[in-house]
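**Q** The following comprises the amino acid sequence and a computationally predicted model.
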Amino acid sequence: MTPIEIMALIVAALLIIKLVVIFINPKHWAKVAETSFAKPTVTIVVSLIWSAVVLYFLLQELTIVHIFAVTLFIMPLFAMGFALYAKETTALMNKLLKQKNMLRRAWLVIVIWLVLALWVLYTILF
């Protein structure tokens, strides 16, 4: 089994487990989410390391352009999920936009996305 197949297997298994838990008792999944976000700094560090490891293995078989193309596939799936809760999503967005330090708080993720986007543009254009 290749690293990409292992990663796909992990995603499929986690997705099925999540859906089973949500169908049986959605409150249990809420506890998982609350626990995951209880310590934001820990979640950010773990997510950063996890992303770096996954990116490393993906780049063994794909290019950053391929990875971004897959991201384009995933984006409308997320949009459909958010659209189901349009009022709540819009309210959260407006609340976040009112915060004066919103961009300062999100600087790390903004820098990461910007670097990745510039990497894609450089790869395609040069």
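**A** Great, that's in hand. Residues are numbered from 1 along each chain as shown.
**Q** helix, strand or coil for Glu61?
**A** Of the three states, Glu61 takes coil under DSSP: H, G, I helix; E, B strand; the rest coil.
**Q** roughly how far apart are the nearest residue to it once chain neighbours are set aside and Ser47?
**A** Ranked by CB to CB, 6 or more residues apart in numbering and with sequence neighbours excluded, the top spatial neighbour of Glu61 is Ile4, at 5.6 Å. Where C-beta positions appear, they are placed from N, C-alpha and C, glycine not excepted. According to CB to CB, to the nearest Å, Ile4 and Ser47 sit 20 Å apart.
**Q** coming back round to it: wait, isn't the residue nearest to Glu61 in contact with Leu59?
**A** No - using CB atoms under 8 Å, Ile4 is not in contact with Leu59, being 10.7 Å away.
**Q** Tell me the residues that contact both of the two, please.
**A** The contact sets of Ile4 and Leu59 do not overlap (CB atoms under 8 Å, 6 or more residues apart in numbering).
**Q** following the longest helix along the chain, which helix or strand shows up next?
**A** Identified as the longest helix of the chain according to DSSP state H is helix 3-24. Counting by DSSP states H and E, the next helix or strand C-terminal to helix 3-24 is helix 26-37.
**Q** tell me the angle that next one makes with helix 3-24.
**A** 130 degrees (axes from the mean of the first three to the mean of the last three CA atoms, to 10 degrees).
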